[in-house]
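Enquirer: Dropping a prediction and its sequence here:
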Amino acid sequence: MTTLARLSMRVTLASALALCGSLWSAAYAQLTPAGSSIANRASVNYSVGGVAQTVIESSPTGNTTPGVNAGTSTTFVVDNIINLTVAESSGNATITSPGATNAVLAYTVTNTGNAAEGYQLSLTEEVSTVLFGNTDNFNVGLPNLQIRVDEDASGGNATGNRTYDGTETATAINRLVPGASITVFILGNIPLGTANNAFANVRLQARAATAGSNGATLEVQSTGANNPATVEIVFGDAGNDATESAADQYAVRSAALTVTKAATVISDPFGSASPRAVPGAVVEYAITVANSGLTAATGVAVSDPLPANTTFVTGAYGGSNSVQIVGGAAAACVVETPTDTNGDGCFNNGTSLIVNATALGNIAAGGNTIVRFRVRIN
Amino acid sequence: MRNRIVWQLAAAVGASAILAGTAAAQSAERGCIELKTTAELTQSYVDDAGKSATRLVPINKVLPGDQVVWTIVASNVCAKPAADVAITNAVPEHMHYIGDTAFGPGAAIEFSLDGKSFAAPQALTVSAADGGTRTARADEYSYIRFVLGRAMGPSETLMVRYRAVVL
């Protein structure tokens, strides 16, 4: 059929849909499978001279032989309409962070045609497109992106769990039966150093291929004259190219840390109400680590060179605790030299006080942690 | 074909005794009505005057959602009138009848849900979800019957037609 003719038939179809919308939507869920034979045989009863005659069945060319099964059905086969949808699965961006590995984007590919199909999958990185209200402003880099198809033990019915398990290996959809939807994942390794509030829109494209070919044998529309007995292929998707796509988004959220340090003279040798920083006076330092980013900071360690001409005060915060932590994983810790022999996250390496993540814990987005210690002025 | 020639010759002779004898002899293998079923598609096109129009074309690629026009032609191939003519057609599997598309000049058009009892559309009812009954929808019809209210004369041809959509 010519393109024009095909187009005209679509017009007819559209008007049919307008006439019987409810019928169509009810029927759409179960399209007649490609290759189904539609057969029709009418029959006529009549009488001649007042005597009822034997029934006569129809044939494609005209039948006069009476009797049940003496006619021949007028038949044709239903052709293969290739149609598919690709949709972003979650309805929102995937929040990730710099250096993240296998950050997952998820898409749903649905076979809306009437025959089992396979699909070749490919991805592209978009530039400056807007998705979920965010404008794309960086590329993850194609070498950092991989496609994986949800495992489908049923081989076509898409019985996977729709979750990336780390065990998926397929990079094409081998087979999907009509009406079935399978999940496709894109795994991204987000480069270290990616800025806070960086957005990367990634588009997954699916192209219909012969079922069982692992996406390798692309489907081709049938051309030439129709054969009523042969299943022909027609592309029914938008654009009539057996190709559909959808975009999903990585939203990179980085921690943004600021460190401030304050010193307070706690006491002097004279017991002054307003202690002065004189030899023998005790000074308390407070180091505040604040996270103004959009995600928690993990693995944070504070390192502070001990000031010259001072002596570190041990046991200043009860028992052997020489460091106080506010908003950390521990409230206080013991400072050993030169290694952290008790494993509490605090030690003096000989030149600096180190307070690592064991003691600090994660610093939440918008949160802060304060480390306090004391020295005596020599 | 040979029988047909003989039959036509007999009819031409017009001797009622010969005709009756011939008809009786042939009744086992040849009835008085030739019945033909054709499937076609509708195609929109722009006519010579630049107006859009539709026409029927032979079956081409058929896809779910396409409408097929079924045409059944009955021809009286006997020299006697055929009375009580009723053409019955089951809506084919994988198809639904499209309401108000059945067409048969001079024929009463009836529908059936079970192939046994036929009635006009408004008289066909099915059980409703609320326990009562409702008028059946066109897509629920499984049979169509065209009942001609008069006899078909010799050589007369009756054409009936309806549309169905491929599910």
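Expert: In hand now; what should we look at?

Enquirer: how is chain B carved up into domains?
Expert: B:1-30, B:31-166 (automatic domain parsing).

Enquirer: quick one, which of those domains is nearest to residue A:369?
Expert: When these are compared for distance to residue A:369 using CB to CB, the nearest one is domain B:31-166, at 63.0 Å. For glycine as for every other residue, the C-beta is placed from the backbone atoms N, C-alpha and C.

Enquirer: hmm, back to that, is it possible to export the domains of chain B to TSV including distance to residue A:334, mean pLDDT and mean neighbour count?
Expert: Compiled in TSV, the domains of chain B are given as follows (distance: least, CB to CB, whole Å; pLDDT from 0 to 100; neighbours: other CB atoms under 10 Å in any protein chain shown):
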stretch	distance to residue A:334	mean pLDDT	mean neighbour count
domain B:1-30	112	44	13
domain B:31-166	75	95	18
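
Enquirer: Now these in CSV, please, with extra columns for distance to chain A.
Expert: Conversion of the domains of chain B to CSV gives the following (distance: least, CB to the nearest CB, whole Å):
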stretch, distance to chain A
domain B:1-30, 5
domain B:31-166, 4
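
Enquirer: and these as JSON lines, adding distance to residue A:48?
Expert: Below are those laid out as JSON lines (distance: least, CB to CB, whole Å):
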{"stretch": "domain B:1-30", "distance to residue A:48": "8"}
{"stretch": "domain B:31-166", "distance to residue A:48": "5"}
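
Enquirer: close enough to count as contact, residue B:73 and residue B:36?
Expert: Yes: between residue B:73 and residue B:36 a contact is recorded at 4.7 Å, counting by CB atoms under 8 Å.

Enquirer: quick one: common contacting residues for the two?
Expert: For the pair residue B:73 and residue B:36, residues contacting each of them under the criterion CB atoms under 8 Å, 6 or more residues apart in numbering or on different chains are residue A:62.

Enquirer: The domains of chain B: which one's closest to residue A:152?
Expert: Going through the domains of chain B one by one, with CB to CB as the measure, domain B:31-166 comes closest at 24.5 Å.

Enquirer: just the strands in the stretch 201-350 of chain A please.
Expert: For the stretch 201-350 of chain A, strands defined by DSSP state E, counting those that start in this stretch occupy the ranges A:233-235, A:243-252, A:257-267, A:282-291, A:302-305, A:310-312, A:321-326, A:332-334, A:346-348.

Enquirer: Now do the strands in chain B.
Expert: Taking DSSP state E as the criterion, chain B carries its strands at B:33-46, B:52-58, B:67-76, B:83-90, B:95-97, B:107-112, B:118-119, B:125-127, B:133-135, B:143-148, B:157-166.

Enquirer: could you give the angle of the second one to strand B:157-166?
Expert: With axes from the mean of the first three to the mean of the last three CA atoms, to 10 degrees applied, the angle from strand B:52-58 to strand B:157-166 works out at 100 degrees.

Enquirer: And for the third one?
Expert: Compare the direction of strand B:67-76 with that of strand B:157-166 by the same axes, to 10 degrees and you get 160 degrees.

Enquirer: Mind giving me the packing neighbours of strand B:67-76?
Expert: Contacts of strand B:67-76 with other secondary structure elements, assessed using 3 or more CB pairs under 8 Å, 6 or more residues apart in numbering or on different chains; DSSP states H and E, are made with helix A:3-19, strand B:33-46, strand B:83-90, strand B:157-166.

Enquirer: One more: the fourth one?
Expert: In terms of contacts (3+ CB pairs under 8 Å, 6+ apart), strand B:83-90 is packed against strand A:43-48, strand B:33-46, strand B:67-76, strand B:143-148, strand B:157-166.

Enquirer: can you rerun that using 7 Å?
Expert: Under the contact criterion of 3 or more CB pairs under 7 Å, 6 or more residues apart in numbering or on different chains; DSSP states H and E, the helices and strands touching strand B:83-90 comprise strand A:43-48, strand B:67-76, strand B:143-148.

Enquirer: likewise the fifth one?
Expert: Counting contacts by 3+ CB pairs under 7 Å, 6+ apart, strand B:95-97 is packed against strand B:157-166.

Enquirer: can you list contacts of the strand it packs on?
Expert: The set of residues external to strand B:157-166 that reach it, using CB atoms under 7 Å, 6 or more residues apart in numbering or on different chains, is A:16, A:32, A:38, A:78, B:62-75, B:85, B:87, B:91-92, B:94-98, B:101-104, B:107, B:144, B:146, B:148, B:152.

Enquirer: make it 6 Å
Expert: Applying CB atoms under 6 Å, 6 or more residues apart in numbering or on different chains, the contact partners of strand B:157-166 are A:32, B:62, B:64, B:66-75, B:87, B:91, B:95-98, B:101-104, B:144, B:146.

Enquirer: Please apply the same query to stretch A:322-342.
Expert: A:314, A:316-317, A:320-321, A:344-350, A:359-361, A:369-373.
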